[in-house]
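> Generate coordinates for the sequence data below:
(2 chains)
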There are 2 protein chains.
Amino acid sequence: MRLNFSETGKKLKSSIIRELLKDAMNENVISFGGGVPDPKTFPREKLAEIAKDVVLNEYSQSLQYGPTEGDPQMRKTYLEFLEETEGISGLNEDNILVTVGSQSALSLISTVFLDKQSKYFVSKPVYLGAASAFVMNSEQYEYLVLHEDGIDIDHLSKRLTELEKNGELERVKFIYVVPNFHNPAGVTLSLDKRKALIELAEKYDLPIIEDDPYGELRYEGERIPSLFKLAGKDRVLMLRTFSKILSPGMRLGIVIGNKELIRKMVMAKQAADLCTPSITQRIVARFLQKYDLHELLKPTINLYKEKKNLMLKELEKAFKDMKGVTWTKPEGGLFIWLTLPEDFDTLEMMDIAKEIGVLFIPGSSFSLDGSCSNSMRLSFCLPPEKDIIKGVKRLKEAVVKYGKSKNLL
Amino acid sequence: MRLNFSETGKKLKSSIIRELLKDAMNENVISFGGGVPDPKTFPREKLAEIAKDVVLNEYSQSLQYGPTEGDPQMRKTYLEFLEETEGISGLNEDNILVTVGSQSALSLISTVFLDKQSKYFVSKPVYLGAASAFVMNSEQYEYLVLHEDGIDIDHLSKRLTELEKNGELERVKFIYVVPNFHNPAGVTLSLDKRKALIELAEKYDLPIIEDDPYGELRYEGERIPSLFKLAGKDRVLMLRTFSKILSPGMRLGIVIGNKELIRKMVMAKQAADLCTPSITQRIVARFLQKYDLHELLKPTINLYKEKKNLMLKELEKAFKDMKGVTWTKPEGGLFIWLTLPEDFDTLEMMDIAKEIGVLFIPGSSFSLDGSCSNSMRLSFCLPPEKDIIKGVKRLKEAVVKYGKSKNLL
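Now for the predicted structure:
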């Protein structure tokens, strides 16, 4: 059959990450690849009881179609959760939308904001899920290099000045940031930079998209107020998810923002998937009402913290004498970003790494222009501690073998 | 905040149906509006037990991220279900994709096929969810009028000849049909017309999108083989859903088709929502493995059949003497399509109907050009029998009152 795909359809490529993760199934390979949480951290007994209960006793809602905006119980409960944990108040049900994971929220943002000629700011490296949603509608991204304290604000300021001068400001739709424990970079946007970012967004009257899947997974250091908390719903659209703190299999994302923008996203969602599953929303709403999520997260946080510190220690041991190798020291989240000397190509290095038995995600997967090719993302959350030790040794071995084969070492 | 929406974003409108259904909450109003199943038909006890079991004992899959293509258990089980119930064989896991309801499948189809100048064939009246997904990417629809035995095939043939003559065939992307118990029209595509449709699709080498949410809800007459069964995966992409036969709150849609097309939709889904919830897929897979869905559906079918026959009887009583009033006689599904004399406007009539206490969906909601304004969709599945009797009486009253007010009677 002749399949006459659209321009977008023709351009679609499969995510390199998902292709690579197929190799993670091989049990002789130690994988630092996936960003998936450890299933042992899921409160399965509590969720099982609640699942049974809401299906049996709330079937008129849990098994039925629900509003596109989200289950009223879920929305109300999440707003209470937000007030309790971050002191964010003054919101009502018109400011919240429940989506099928944050990916779906990113896709709706892309739909309502981006035309072929639209510009938007993302970091370099960029979260791949956001990039893939945005480029569906526009490839006119603007990069902001990531430093240890977050995106390059000076560059943002400079580019906005230029765009204004060229009369192109109207084409700029939003600034997208992952402020806490960035995926893939692991870095956190400092308080000073948050304030500077808000100032710029206000000066040029641009919305900030604050994607924060990892904020609750802080292992050390002080919590920094969210951009949303600092600037409010008329400047910031905030994305949250239960994927990293409760269960990814529920696929529940939360969008908080300005009423008019939420309403527009609701209309786009009617065409995209009509409504988020009712059963998953009701399960998570009841869970939040019944249990203290932060209390229950403590063992998970301790587990991940120890794994993170172990990986940092092993990286120090393995790479401290190798010139030009650097890595980020995240205070939370799931990822460390390791950068090798300039001429290394981590995608090319994959074959040697797989042979030696270790998996990472090549840095070029997190850029739209093939850059970041000498970096890699390492996730510490899933492998057991002994595999972290063994895996970093293998990684060193792969780097050395590849480096020698290319006369780089 | 200045919200600088995309062209698509600016065009987005809220579905009239969802707005109208808010009125259905008023308990003095009898609603023939929603297409939602009766919650009493959901096998809640069985689903509750399975939900508990898969969360507790299969948490590594049910609570974790899953493949974009769908849970392997769900895909395997559905292919077996398809072979058992329809004798469709020769498919493997590359031919199936699990989506967040059929709406999400329709949205993915729109993404991979439609550019701004693309053409596609839909019926008039059209299923609103499909239309809203398709017009996101192209408004160049081509209408096929619906008769009691389905779309006007002669017109399709004529238009294809014209398009070929004008060199526009390349712009035509697919023919979209709801062959069984059409929403909103209630009509079924006859076997002869199915064969003629396939012949035309083969002649012009066009894919057929067969959307079949209601096929299992046949109350009388012989089952007609699906277009997929007749023409195979290299001609037909088939959409199924559990919304009308098990539970809409699970939001589970199934797409069956050609490997290359499924693969393209999987790539689009990576950007749209990454993966369908794992928990809902695992629950439904176990349900299909454990129970005979067709056996369990029998009481539901009997319930809906009686309600349908009752509504037809009441319509006959109420409208048999009113000239120019016609309605479809569905053999299954959830909807009857009632057409009033030409000058009636059922959207305008809504105010009087609400006042009298009855709700329907105005016909113009199911067209993209404001046509069908003298028709309405009536759903019989949700209201209890006494409300069907009372509701049709109120409907007649509303029609008479409106007709007199406009000097149409």
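> wait, isn't A:L97 in contact with A:I262?
Yes - counting by Cβ atoms under 8 Å, A:I262 is a contact partner of A:L97 at 5.2 Å. Bear in mind the C-beta positions are built from the backbone N, C-alpha and C, glycine included.
> Beyond the longest helix anywhere in chain A, next helix or strand please.
Looking across chain A with DSSP state H, the single longest helix is helix A:293-319. Where DSSP states H and E defines the elements, the next helix or strand beyond helix A:293-319 is strand A:326-327.
> relative to helix A:293-319, how tilted is whatever helix or strand comes next after that next one?
Reading on from strand A:326-327 to the C-terminus, the next helix or strand found by DSSP H and E is strand A:335-339. Orientation of strand A:335-339 against helix A:293-319 (axes from the mean of the first three to the mean of the last three Cα atoms, to 10 degrees) gives an angle of 20 degrees.
> Flag the shaky bits of chain A, pLDDT-wise.
Counting by pLDDT under 70, chain A contains low-confidence residues at A:17-25.
> Neighbour count: A:L97 and A:I262, which is higher?
A direct count of neighbours by other Cβ atoms under 10 Å in any protein chain shown for A:L97 and A:I262 places A:L97 higher, at 27 against 19.
> does that one have beta-bridge partners, and which?
With DSSP bridges as the criterion, the beta-bridge partners of A:L97 are A:V255.
> Can you get me a residue count around the nearest residue to A:R75 once chain neighbours are set aside?
Ranked by Cβ to Cβ, 6 or more residues apart in numbering or on different chains and with sequence neighbours excluded, the top spatial neighbour of A:R75 is A:I96, at 4.8 Å. Around A:I96 sit 23 other residues, with neighbours defined as other Cβ under 10 Å.
> From A:V172, how far off is A:I96?
Counting by Cβ to Cβ, to the nearest Å, the gap between A:I96 and A:V172 amounts to 26 Å.
> And A:Y204, by the same measure?
Following Cβ to Cβ, the distance that separates A:Y204 from A:V172 is 7 Å.
> Find the residues that touch each one of these two.
Both A:Y204 and A:V172 are contacted by A:L160, under the criterion Cβ atoms under 8 Å, 6 or more residues apart in numbering or on different chains.
> The two: who's more crowded?
More crowded of A:Y204 and A:V172, by other Cβ under 10 Å: A:V172, with 22 against 17.
> Does the residue nearest to A:R75 touch A:K259 like I think?
No - proximity of A:I96 to A:K259 does not meet the contact threshold set by Cβ under 8 Å, at 10.0 Å.
> So which elements touch the longest helix of chain A?
In terms of contact count using 3 or more Cβ pairs under 8 Å, 6 or more residues apart in numbering or on different chains; DSSP states H and E, helix A:293-319 is assigned the packing partners strand A:326-327, strand A:335-339, helix A:385-405.
> mind checking which of those is nearest chain B?
Using Cβ to the nearest Cβ as the criterion, the shortest distance between chain B and the helices and strands packed on helix A:293-319 is 15.6 Å, found for strand A:335-339.
> The closest one pairs with which strands, parallel or anti?
strand A:326-327 (antiparallel), strand A:375-379 (antiparallel).
> C-terminal to it, what's the next element?
The helix or strand immediately downstream of strand A:335-339 is helix A:350-356, counting by DSSP H and E.
> residues making contact with that next one?
Applying Cβ under 8 Å, 6+ apart, the contact partners of helix A:350-356 are A:20, A:23, A:29, A:359-360, A:362, A:394-395, A:397-398, A:401-402, A:405.
> Please repeat the previous calculation with a cut-off of 6 Å.
Residues from elsewhere that reach helix A:350-356, judged by Cβ atoms under 6 Å, 6 or more residues apart in numbering or on different chains: A:R394, A:E397, A:A398, A:K401, A:Y402.
> mind listing what the next helix or strand after that helix pairs with, with the direction of each?
Along the chain past helix A:350-356, the next helix or strand (assigned with DSSP H and E) turns out to be strand A:358-359. When pairs are called by DSSP bridges, strand A:358-359 turns out to pair with strand A:30-31 (parallel).
> Now do the helices in the stretch 151-300 of chain A.
Assigned helices in the stretch 151-300 of chain A, in chain order: A:153-165, A:191-203, A:227-231, A:259-272, A:278-290, A:293-319 (criterion: DSSP state H, counting those that start in this stretch).
> Please work out which of those helices is packed deepest.
Each of the helices of the stretch 151-300 of chain A was scored by mean neighbour count; the highest is helix A:278-290, a mean of 24, by mean count of other Cβ atoms under 10 Å in any protein chain shown.
> Now do that one: distance to the chain's middle.
Between the centre of helix A:278-290 and the centre of its chain there are 23 Å (Cα atoms, centre = their mean, to the nearest Å).
> ok, now stretch A:180-187?
A distance of 8 Å separates the centroid of the chain from that of stretch A:180-187, by Cα atoms, centre = their mean.
> quick one: terminal-to-terminal distance for it?
Length of stretch A:180-187, first residue to last, Cα to Cα, to the nearest Å: 7 Å.
> next one: stretch A:357-371
When the termini of stretch A:357-371 are compared using Cα to Cα, they are 25 Å apart.
> quick one: buried residues of it?
A:G357, A:V358, A:L359, A:F360, A:I361, A:P362, A:G363, A:S364, A:S365, A:F366, A:S367, A:L368 (16 or more other Cβ atoms under 10 Å in any protein chain shown).
> now the fourth one: how far from A:G34?
When you say that, I think you mean A:F360. The span separating A:F360 from A:G34 equals 10 Å under the rule Cβ to Cβ.
> So what does A:M136 have for phi and psi?
The phi and psi values for A:M136, taken as degrees, to the nearest 10, are phi -60, psi -40.
> mind checking how far A:G370 is from B:V55?
Look at A:G370 and B:V55: by Cβ to Cβ, they are 42 Å apart.
> And A:E58, by the same measure?
As judged by Cβ to Cβ, A:E58 and B:V55 stand 16 Å apart.
> okay, these two: which has more neighbours?
Counted by other Cβ under 10 Å, A:E58 and B:V55 do not tie: B:V55 has more neighbours, with 28 against 21.
> List the residues that contact the nearest residue to the more buried one once chain neighbours are set aside.
When the adjacent residues along the chain are set aside, B:V55 lies closest to A:A48, with 4.0 Å between them (Cβ to Cβ, 6+ apart). Counting by Cβ under 6 Å, 6+ apart, A:A48 makes contact with B:K52, B:V55, B:L56.
> Ok, A:L160 next?
Applying Cβ under 6 Å, 6+ apart, we find A:L160 in contact with A:Y204.
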